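Q: heads up, no residue letters with this:
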């Protein structure tokens, strides 16, 4: 009789421990499943984020102009040749007039074969007007940025600008800065043109990699600023939001900001950087349409 009582007492004592172990096991399994999903599902696929841009300076023949932004490919980490081929096919189906790339082609050494794949895919992107690119923080660490950009048909807007004219002789300025340079030096050529030109552009677009760079200069000169770098958090949790933000995207890291008369868009990007994970933040490109209303 005594043995049965002792057994019952031990079972009562062990119930909280068993319950705790079950909860711990359930949490561990859930974490493992989330990590597997974030690595192998969350990093694949493609979301096209479409935005309509309205501005009173647009003339009739600017309406409908399409700009596609590609950013933070980080080729060779979680983005491979097949992924990029699908992304290029999606971009070409959108029939963009302008394609812009806002940095971080890769963040690891690439083999000759990978360099060829990356260059070929970027070359296959079609744009009716032109393709433009600016360096990211990872791009400055490798010496093949120049050759990839040149061979793939992109214009490297490294602290300079281009003018796009329409049929009425109006022009759009599209400028780019290297956010790893001293900001004042980066803006020098662009500012000189804006300060001395007798014919001011109808619309001004600025490309950069790190969005927080705009804290270091007068961004109000630009109608539209396109950035990358933040990955919009890369790993996002319900209610909490982004759990990690890189230096250079602490202030501006979400998809969109309205800053008086300037619109800032931050691309969520394609690949991954430090962590090979994406959660509630699938790879994406941005499509901007200039519209009347």
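A: Okay, I see it. A quick note: this is a predicted structure, and the numbers were derived from the prediction, not measured. Numbering: from 1, shown residues only.
Q: Secondary structure element holding residue 52?
A: Using DSSP states H and E, residue 52 falls within strand 47-54.
Q: who does that strand pair up with?
A: Strand 47-54 sits in its sheet next to strand 284-291 (parallel), going by DSSP bridges.
Q: got the contact list for the partner strand?
A: 46-55, 58, 62-71, 87, 90-91, 94, 96, 224, 226, 265, 267-270 (Cβ atoms under 8 Å, 6 or more residues apart in numbering). Every residue, glycine included, has its C-beta placed from N, CA and C.
Q: Repeat the analysis, applying 7 Å as the threshold.
A: Applying Cβ atoms under 7 Å, 6 or more residues apart in numbering, the contact partners of strand 284-291 are 46-54, 58, 62-70, 87, 91, 94, 265, 267-268.
Q: In that strand, which residues are buried?
A: 284-290 (16 or more other Cβ atoms under 10 Å).
Q: As TSV, these with pLDDT would be great.
A: Listed next are the buried residues of strand 284-291 as TSV, based on pLDDT from 0 to 100:
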residue	pLDDT
284	97
285	98
286	98
287	98
288	97
289	93
290	88
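Q: nearest to residue 114, of those?
A: Nearest to residue 114, judged by Cβ to Cβ, of those is residue 285 at 20.7 Å.
Q: so where do the helices sit in the protein?
A: For the chain, the helices defined by DSSP state H occupy 2-40, 81-94, 112-123, 145-151, 183-196.
Q: Same list, these, but as CSV with distance to residue 101, mean pLDDT and mean neighbour count please.
A: Putting these into CSV (distance: least, Cβ to Cβ, whole Å; pLDDT from 0 to 100; neighbours: other Cβ atoms under 10 Å) gives the following:
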stretch, distance to residue 101, mean pLDDT, mean neighbour count
helix 2-40, 25, 77, 11
helix 81-94, 11, 97, 16
helix 112-123, 8, 96, 17
helix 145-151, 8, 94, 17
helix 183-196, 18, 92, 15
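Q: and residue 277, which of the ones you listed is closest to it?
A: Taking Cβ to Cβ, helix 2-40 is the member of the helices of the chain nearest to residue 277, at 3.9 Å.
Q: Please name whichever of the helices of the chain is nearest to residue 243.
A: Judged by Cβ to Cβ, the one of the helices of the chain that comes nearest to residue 243 is helix 2-40, at 11.6 Å.
Q: now the strands for the stretch 151-293 of the chain?
A: Secondary structure of the stretch 151-293 of the chain (DSSP state E, counting those that start in this stretch): strands at 155-156, 160-165, 171-176, 203-207, 224-227, 236-237, 241-242, 256-259, 262-266, 284-291.
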